[in-house]
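S.K.: The following block contains a protein sequence and its predicted model.
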Amino acid sequence: MTDTPAAAPPTSLRLRFAAISDVGRVRKDNQDSGYVGPWLVAVCDGVGGAARGDIASSTAIAQLRRLDVPPDGDSPDDLLTKVAGALHRAHDRINELADEDPALDGTSTTATVALFDGARIGIGHVGDSRAYLFRDREITRLTSDHTFVQTLIDEGRITEEEARVHPHRNLILNALGGPGDVEPDLFVIELTPGDRLLLCSDGASGVLDDHRLADILATGSPEFASVELVRASLEAGSSDNVTCLVADAVDAAAPPSPGEAGQPLLVGAAAERRLPRQRGGGMGGLFRGHRSGDTGELEPVQADIPDDLPFAITADPIDPEEARYAPRPPRRFVWLKRLLATVVVVGLAWVGLAAAWSWTQDQYYVGEEDGTVVIFRGVNTELGGFSLSEPYERTDVELDRLGEIEADRVREGIAYDNLADAEQKVQDLAARQAPATGDSGSAG
């Protein structure tokens, strides 16, 4: 009996990484969050607008970053089990926050995760953030968007170029948070030395095609490539937050490169919400003053502090977004403004009711009253127990002298938008009514 030879250990690699998130030119706050460390790369793009997508993305990163620990001999299945578990925990935690605070109802986030074990990555993907692999100067998109437009692309109904300008390009079909369970895409990719990973939000992938991404990824260090990716996205007209995480697979024995990040990096909303206020590598507002123009952030608010206070104050820079949403003291004459607003609302409601009543008085219907056919003015309905019609013209057409079908129609009311049509209908009914019982066919 011969022993089966043991499988050769995987190639020992490590990640050399960088991360940048920028609020962009249009948005007032950053709803992207990103994390990159020795064993994990993850990007999330919050969805929800007023429902605070920044909370969803930062909450997801807080759960996912727990995966950034050295591997313990995981199999490929173990890698994916860990990734799937972390995504489900993030999904549940976002829903818990929404249950606790109704203002967060509807918030959710995309998530694209790469868990590294020294030789391969386990990918977990939900939404429309993306993961790319750049190998031998060729770029490969690893993930497929969970969006409405991607289904149209898959069906051959539109092209990638058309998808970039489609009016429903932001309609996401699968995300962390919201009703139901989350269904992530899960798969494993073997890495080789020299591979470069890019994980990014759609602020970058939505405006840069694969050829442009490859051109940038082919240049410089991860730090340089991530800066150029964000810069190129803004110059290409991206109207969204832009987050780019770049990680190179290098031999574990390779010495650190100059300026290489030694600690995990946290960027975007997740960095801005950290306490104490330390942005581990975050670079929001990176391109302020660049020829592309303002990124959309507010300048810090400076407070005037009197010199004669009886205690010392250590000034802390005011976060632009905190200042934007900070409570404001009540403004003067609030009661008067509220009164005027109420008067305007009541006045508009009165005008609307008057217009509706005027319209009803131009309507007529043929109906029945006391067994005879009557032309009513108004509409055949009641509002709060008040009838919106009244008898306008009585006739001598008797209901029991009409056919059964015609009589039923009259009982239900036959509507017309003018008097002439209603009178014509009465003439038709009069011509169709049967002779009264006992009538003689000739004079004696």
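M.R.: Structure's in. What do you need? Numbers count the residues shown, from 1 in each chain.
S.K.: partners of residue 386 in the sheet?
M.R.: With DSSP bridges applied, the residues forming beta bridges to residue 386 are residue 383.
S.K.: Check whether residue 388 sits in a helix, strand or coil.
M.R.: Three-state call for residue 388 (DSSP: H, G, I helix; E, B strand; the rest coil): strand.
S.K.: All further residue positions should be reported with the first residue as 3.
M.R.: Shifting the count to begin at 3 puts that one at residue 390.
S.K.: What separation is there between it and residue 360?
M.R.: Here residue 390 is placed at a distance of 12 Å from residue 360 (CB to CB, to the nearest Å). All C-beta spots, glycine's among them, are computed from the backbone N, C-alpha and C.
S.K.: With neighbour numbers in mind, choose between the two.
M.R.: Per other CB atoms under 10 Å, whichever of residue 390 and residue 360 has more neighbours is residue 390, with 17 against 9.
S.K.: close enough to count as contact, the more buried one and residue 378?
M.R.: No - shown here, residue 390 and residue 378 do not form a contact pair, counting by CB atoms under 8 Å, at 9.7 Å.
S.K.: Would you confirm that residue 366 contacts residue 424?
M.R.: Yes - the pair residue 366 and residue 424 passes the contact test of CB under 8 Å, sitting 4.2 Å apart.
S.K.: Looking at these two, which one has more neighbours?
M.R.: Each of residue 366 and residue 424 has its neighbours counted (other CB under 10 Å); residue 366 has more, 26 against 22.
S.K.: ok now do the more buried one, which residues does it touch?
M.R.: 377-380, 394, 417-421, 423-424 (CB atoms under 8 Å, 6 or more residues apart in numbering).
S.K.: In TSV: those residues, plus secondary structure, distance to residue 141 and pLDDT.
M.R.: Written out in TSV, the entries for the contacts of residue 366 read as follows (DSSP: H, G, I helix; E, B strand; the rest coil; distance: CB to CB, whole Å; pLDDT from 0 to 100):
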residue	secondary structure	distance to residue 141	pLDDT
377	strand	77	90
378	strand	74	92
379	strand	74	89
380	strand	70	87
394	strand	77	88
417	strand	66	89
418	strand	69	88
419	coil	65	84
420	coil	69	88
421	helix	74	88
423	helix	70	89
424	helix	73	86
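S.K.: Quick one: buried ones out of those residues?
M.R.: When neighbours are counted using 16 or more other CB atoms under 10 Å, those contain these buried positions: 377-380, 418, 424.
S.K.: For this protein, which segments are assigned as helices?
M.R.: Along the chain, the stretches classed as helices by DSSP state H are 55-66, 78-102, 150-156, 162-165, 204-207, 212-219, 224-237, 271-274, 322-327, 336-362, 406-414, 421-434.
S.K.: just checking, what packs against the fifth one?
M.R.: Helix 204-207 makes packing contacts with helix 224-237, strand 244-253 when contacts are defined by 3 or more CB pairs under 8 Å, 6 or more residues apart in numbering; DSSP states H and E.
S.K.: Rounded mean pLDDT for it, please.
M.R.: Model confidence over helix 204-207 averages 95 on the pLDDT scale.
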